[in-house]
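Visitor: I'll drop the sequence and a predicted model, then ask my questions.
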Amino acid sequence: MKGRARGLLVLLLAVGSARAEPLLQPLAGADGALPPAPWRYAGLPTQREPATRYGMAGVDGRRALRIEAESSYGNLVHPLQRPAEALQLSWSWRVDSFAAGADLRRRDGDDNAVKVCVLFDLPLARVPFVERQLLRLARARSAEALPAATVCYVWDALLPAGSVLPNAYTRRLRYLVLRSGAEPGWRDERRDIAADFRQLFGDESTEVPAVLAIALGADADNTRGRSLAHVADLVLAR
């Protein structure tokens, strides 16, 4: 009995250790530094605009990623390869300032102060024909593994919470507005990413593809404005 009990204890400890293993590298590091690998910066293939600035900071007693866009573009990407079912993404965020003139409905206003995105490995066969050809061309020009479907959660200055809309340049990226306008301080979010994929891309696939990456970003290259936001406690959990 003692041997059997000891074996059960070892098994439980192993399971507990596996559950504790984070799926995402935490947002951490010294002030001004980027989060540790596998987080990495990713810009546009032929980007001329400045890069959006990222760096860890202390804000109201929290360690947070400071995201400052000033006539700039760029994302932080954490590669993954995980089934999307039964995964929850949670985080806290705050917006200190929005870029003036930002409007996600227009190309000349397609800027946001903060976005949390999930990149999905949607098969090309699921993508409408014309968009499929455009995606192939974009992939040929980019060093990045461009996904066929991306869901971006945004805190928008104008659009009401619950708004769903495609990116002004490509329907391969679709926005879900979670917060609208100025709200002082931190706000917490928790999302079922499979359910959100079905809501935004269910017209193309009811089967939820694997997650390729999680990305954080902000941009102000269209409005030539400036925005400031912070993200903390980003966790992907089964």
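Guide: Looks like it came in fine.

Visitor: can you pull up the bridge partners for the closest residue in space to Val151 that isn't next to it in sequence?
Guide: Distance criterion Cβ to Cβ, 6 or more residues apart in numbering; nearest residue to Val151, sequence neighbours excluded, is Val118 at 4.9 Å. The way it works is simple: take the backbone N, C-alpha and C, and place the C-beta from them, glycine included. Here Val118 sits in beta bridges with Val151, Ile214, going by DSSP bridges.

Visitor: per-residue pLDDT, the most centrally placed residue in the chain?
Guide: The chain has Cys117 as the residue nearest its centroid, 2.2 Å off, counting by Cα atoms, centre = their mean. pLDDT for Cys117: 98.

Visitor: The chain: helices as residue ranges?
Guide: Taking DSSP state H as the test, the helices found in the chain are 2-20, 129-141, 193-201.

Visitor: The residue nearest to Val151 and Arg174 touch, don't they?
Guide: No. The pair Val118 / Arg174 is not scored as a contact, 10.8 Å apart, by Cβ atoms under 8 Å.

Visitor: In terms of neighbours, single out the busier of those two.
Guide: Higher neighbour count among Val118 and Arg174: Val118, with 26 against 19, using other Cβ atoms under 10 Å.

Visitor: Touching, Pro22 and Leu234? I think so.
Guide: No. Pro22 is beyond contact range of Leu234, at 10.0 Å (criterion: Cβ under 8 Å).

Visitor: gap between stretch 80-99 and the chain center?
Guide: In terms of Cα atoms, centre = their mean, to the nearest Å, the centre of stretch 80-99 is set 5 Å apart from its chain centre.

Visitor: Equivalent analysis for stretch 185-194, please.
Guide: That offset, for stretch 185-194, works out to 11 Å (Cα atoms, centre = their mean).

Visitor: what touches both of Val118 and Arg174?
Guide: Taking Cβ atoms under 8 Å, 6 or more residues apart in numbering as the criterion, Val118 and Arg174 both touch Thr150, Val151, Cys152.

Visitor: Reformat the residues you listed as JSON lines; add distance to Gly109.
Guide: What follows is those, written out as JSON lines (distance: Cβ to Cβ, whole Å):
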{"residue": "Thr150", "distance to Gly109": "19"}
{"residue": "Val151", "distance to Gly109": "21"}
{"residue": "Cys152", "distance to Gly109": "16"}
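
Visitor: quick one: least confident helix or strand in the protein?
Guide: Ranking every helix and strand in the chain by mean pLDDT, DSSP states H and E puts helix 2-20 at the bottom, with a mean of 40.

Visitor: top strand in the protein by residue count?
Guide: strand 226-237 (DSSP state E).

Visitor: residues of it that come out buried?
Guide: By neighbour count on 16 or more other Cβ atoms under 10 Å, the buried set for strand 226-237 is Arg226, Ser227, Leu228, Ala229, His230, Val231, Ala232, Asp233, Leu234, Leu236.

Visitor: if I read this right, Pro123 contacts Pro209, doesn't it?
Guide: Yes. The pair Pro123 / Pro209 is scored as a contact, 7.0 Å apart, by Cβ under 8 Å.

Visitor: neighbour count winner among these two?
Guide: Taking neighbours as other Cβ under 10 Å, Pro123 and Pro209 compare with Pro209 leading, 20 against 12.
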